[in-house]
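Enquirer: coordinates only, no sequence provided:
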């Protein structure tokens with residue numbers, strides 16, 4: 001959208017689409033659409049079509065379909081399902097244009113509601129563009145039709161006309177006595193709580209309004225009836241939490257902002273498709289709540305919990321501490337421990353269940369499955385005498401070789417010349433590759449220490465780089481916790497260890 005051309009403030013327009021009996025278990029449709037002021041040709045406007053399902057709907061209803069008819073002055077350009085993955089073949093999205101007019105339609109249907117796996121909110125994000133030849137568009141009128149069928153073949157549904165005018169209502173805090181906003185000039189506004197008229201007002205010559213109202217509690221739902229030139233427009237807003245002292249955001253809003261920022265930038269490396277969808281859904285909901293004008297503290301809390309769950313599911317630990325409450329950051333790692341860590345990473349949490357051919361790896365050992373798995377992948381190999389030597393400490397050169405094989409690296413520009421790595425050294429190629437990739441560094445004196453035993457804090461640091469997990473120090477310091485009695489906050493590896501252990 002061109003900057004400054006359109007002011008979009010997302011306000012919930014809630015349609016309760018009734019069945020014949022107004023059953024509490026009905027499927028409902030919400031069209032979250034923006035207030036639009038002076039939209040011009042080429043401007044893009046975003047609408048969210050939300051389908052809300054009752055608990056246990058998959059046992060009651062078979063299918064659903066929704067269709068949005070857009071104002072002739074706009075045309076659909078994209079549609080995207082947000083927050084849930086529906087298998088191919090069980091849903092359909094089409095956009096079409098009437099043969100004799102500029103009226104466009106977007107139709108969304110799901111043929112088998114069991115494929116939603118119990119998801120109770122389905123969101124279709126639609127973008128439309130103002131057609132050529134139009135300017136200063138304010139009063140877009142769209143129509144939504146929702147239909148659904150139960151298991152007995154009975155159909156339910158309704159149609160709702162929605163006018164998008166230029167009205168913007170500012171967020172309402174609990175126990176304040178004034179509601180402000182902007183609409184068309186000299187427009188009457190009635191405010192209801194339930195069926196009771198609680199306030200009235202008229203906008204001035206510039207469209208601004210300031211309506212005095214008895215203070216309302218948090219969570220109270222207010223209905224605005226706005227008598228616009230295009231007809232009466234109804235808006236529903238919920239009173240938010242009381243403003244924090246000094247006009248600053250509440251602690252929960254700050255926490256939501258923090259989680260949205262951190263979860264959004266987390267790398268998708270090594271994530272399953274399900275984890276990616278969960279992460280994206282939580283971020284999208286959090287972003288929506290941060291700009292929603294009638295957000296409640298309950299919604300903020302639910303948004304935080306969704307982001308916390310996504311954060312925990314995406315940021316899985318690949319290293320752990322010891323039962324005595326230590327991490328032992330400077331302790332060397334055995335070949336068995338390294339095999340275990342890499343198996344967790346490569347299997348997304350499993351310890352592996354393959355058998356090993358090495359004669360010194362007993363099937364009864366805790367590390368047997370991991371070593372068997374790593375032998376199978378070829379990332380870690382044994383010795384010529386048929387042993388793996390699981391209790392031996394792994395050297396920095398051996399770890400460089402392991403990283404190179406796992407990442408399938410090639411030597412590129414930027415490889416460093418370490419004074420203690422001769423051209424004939426068996427791991428020279430691997431050390432060149434990991435140093436060129438920026439995954440392992442040398443010592444301050446220009447050496448690499450190829451035969452030094454790699455420490456647990458060094459392994460945590462390297463693997464964070466491999467997995468593109470960059471510790472957010474401010475976030476970890478604010479919301480994380482340190483369970484290890486031997487890891488000092490002042491240590492250079494503190495945040496690397498917190499990231500590797502998901503603390």
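Expert: Structure received. Bear in mind the structure is a predicted one, so any value in this text is a computation, not a measurement.
Enquirer: please count neighbours and contacts with C-alpha atoms only from this point.
Expert: Noted.
Enquirer: and the gap between residue 415 and residue 167?
Expert: 60 Å (C-alpha to C-alpha, to the nearest Å).
Enquirer: between those two, which one's more packed in?
Expert: More neighbours surround residue 167 than the other of residue 415 and residue 167, with 24 against 16 (other C-alpha atoms under 10 Å).
Enquirer: wait, the more buried one touches residue 180, no?
Expert: No - using C-alpha atoms under 8 Å, residue 167 makes no contact with residue 180, being 10.8 Å away.
Enquirer: does the residue found closest to residue 493 once you drop the neighbours it is linked to in the chain lie in a helix or a strand, and which?
Expert: Nearest residue to residue 493 in three dimensions, chain neighbours excluded: residue 457, at 6.2 Å (C-alpha to C-alpha, 6 or more residues apart in numbering). Assessed by DSSP states H and E, residue 457 sits inside helix 456-466.
Enquirer: the next helix or strand after that helix: how far from the chain's middle?
Expert: Using DSSP H and E, the helix or strand that follows helix 456-466 towards the C-terminus is helix 473-479. Helix 473-479 sits 19 Å away from the centroid of its parent chain (C-alpha atoms, centre = their mean, to the nearest Å).
Enquirer: where does the protein have low pLDDT?
Expert: 1-24, 30-38, 98-100, 138, 159-166, 228-232, 241-249, 293-294, 349-354, 412-413 (pLDDT under 70).
Enquirer: tell me where it has helices.
Expert: 251-265, 273-291, 297-314, 335-346, 368-377, 396-407, 428-436, 456-466, 473-479, 494-500 (DSSP state H).
Enquirer: residue 331 contacts residue 456, correct?
Expert: Yes - using C-alpha under 8 Å, residue 331 is in contact with residue 456, at 5.9 Å.
Enquirer: more neighbours: which of these two?
Expert: Neighbours around residue 331 and residue 456, counted as other C-alpha under 10 Å, are more numerous at residue 456. The numbers are 21 against 14.
Enquirer: list the contacts for that one?
Expert: Each residue near residue 456 by C-alpha atoms under 8 Å, 6 or more residues apart in numbering is listed here: 328-333.
Enquirer: again, only this time at 6 Å
Expert: By C-alpha atoms under 6 Å, 6 or more residues apart in numbering, the contact list for residue 456 reads 329, 331.
Enquirer: okay, and the beta partners of the spatially closest residue to residue 80 that is not a sequence neighbour?
Expert: Nearest residue to residue 80 in three dimensions, chain neighbours excluded: residue 125, at 5.2 Å (C-alpha to C-alpha, 6+ apart). In this entry, residue 125 is beta-bridged to residue 48, residue 80, by DSSP bridges.
Enquirer: in the stretch 51-200 of the chain, which spans are strands?
Expert: 61-70, 74-82, 91-97, 104-110, 121-130, 140-150, 155-164, 168-169, 178-182, 188-193, 196-202 (DSSP state E, counting those that start in this stretch).
Enquirer: the residue nearest to residue 493: neighbour count?
Expert: By other C-alpha under 10 Å, neighbour count at residue 457 equals 22.
Enquirer: how near is it to residue 494?
Expert: Separation of residue 457 from residue 494 (C-alpha to C-alpha): 9 Å.
Enquirer: and the residue nearest to residue 80, how many neighbours?
Expert: Counted with other C-alpha under 10 Å, residue 125 comes out at 17.
Enquirer: for residue 499, same thing?
Expert: Residues contacting residue 499 under the criterion other C-alpha under 10 Å number 25.
Enquirer: let me see the backbone angles for the nearest residue to it once chain neighbours are set aside.
Expert: Leaving aside its sequence neighbours, residue 499 sits nearest to residue 471 (C-alpha to C-alpha, 6+ apart; 5.7 Å). Per-residue torsions, residue 471: phi -60, psi 130 (degrees, to the nearest 10).
Enquirer: do you know how far residue 471 is from residue 397?
Expert: Using C-alpha to C-alpha, one gets 25 Å for the distance from residue 471 to residue 397.
Enquirer: one step back: and the residue nearest to residue 80, how far from residue 46?
Expert: For residue 125 relative to residue 46 (C-alpha to C-alpha), the value is 7 Å.
Enquirer: coming back round to it: for the residue nearest to residue 80, give me its contacts.
Expert: By C-alpha under 6 Å, 6+ apart, the contact set of residue 125 is 47-48, 79-80.
Enquirer: circling back: who wins for proximity to residue 488 among the helices of the chain?
Expert: Set against residue 488 and scored by C-alpha to C-alpha, the helices of the chain come closest in helix 494-500, at 6.6 Å.
Enquirer: which other helices and strands does the closest one contact?
Expert: helix 456-466 (3 or more C-alpha pairs under 6 Å, 6 or more residues apart in numbering; DSSP states H and E).
Enquirer: compute the inter-axis angle for the helix it packs on and helix 396-407.
Expert: Orientation of helix 456-466 against helix 396-407 (axes from the mean of the first three to the mean of the last three C-alpha atoms, to 10 degrees) gives an angle of 20 degrees.
Enquirer: how far does stretch 268-276 sit from the chain's center?
Expert: 12 Å.
Enquirer: same question, stretch 291-309
Expert: For stretch 291-309 - counting by C-alpha atoms, centre = their mean - the centre lies 13 Å from the chain centre.
Enquirer: one more: stretch 40-47?
Expert: Relative to the chain's own centre, stretch 40-47 is displaced by 25 Å; criterion: C-alpha atoms, centre = their mean.
Enquirer: check the separation of the first and last residues in that stretch.
Expert: One end of stretch 40-47 to the other measures 17 Å (C-alpha to C-alpha).
Enquirer: contacts only, for residue 327.
Expert: Each residue near residue 327 by C-alpha under 6 Å, 6+ apart is listed here: 321, 484.
Enquirer: how does it look with 10 Å?
Expert: Shown in contact with residue 327 (C-alpha atoms under 10 Å, 6 or more residues apart in numbering): 319-321, 456-457, 483-487, 497, 501.
Enquirer: hang on, the earlier thing: okay, and the common contacts of residue 331 and residue 456?
Expert: Between them, residue 331 and residue 456 share no contacting residue, judged by C-alpha under 10 Å, 6+ apart.
Enquirer: let me know the outermost residue of the chain.
Expert: Most distant from the centre of the chain: residue 385, at 49.9 Å, with distances by C-alpha atoms, centre = their mean.
Enquirer: measure it to residue 193 for me?
Expert: 82 Å.
Enquirer: also residue 477?
Expert: 43 Å.
Enquirer: ok, now residue 269?
Expert: Counting by C-alpha to C-alpha, the gap from residue 269 to residue 193 is 49 Å.
Enquirer: more neighbours: which of those two?
Expert: residue 193 (15 against 12).
Enquirer: which strand residues bridge the closest residue to the more buried one other than its chain neighbours?
Expert: Nearest non-adjacent residue to residue 193, counting by C-alpha to C-alpha, 6+ apart: residue 222, 4.9 Å away. Counting by DSSP bridges, residue 222 is bridged to residue 237.
Enquirer: quick one: residue 222 and residue 191 touch, right?
Expert: Yes - Residue 222 is within contact range of residue 191, at 6.6 Å (criterion: C-alpha atoms under 10 Å).
Enquirer: what is in contact with these two at once?
Expert: What both residue 222 and residue 191 touch, as defined by C-alpha under 10 Å, 6+ apart, is the set 197-198, 235-236.
Enquirer: can you list those residues in JSON lines and add neighbour count and distance to residue 451?
Expert: Output for the shared contacts of residue 222 and residue 191, formatted as JSON lines (neighbours: other C-alpha atoms under 10 Å; distance: C-alpha to C-alpha, whole Å):
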{"residue": "197", "neighbour count": "13", "distance to residue 451": "81"}
{"residue": "198", "neighbour count": "16", "distance to residue 451": "79"}
{"residue": "235", "neighbour count": "16", "distance to residue 451": "70"}
{"residue": "236", "neighbour count": "18", "distance to residue 451": "69"}
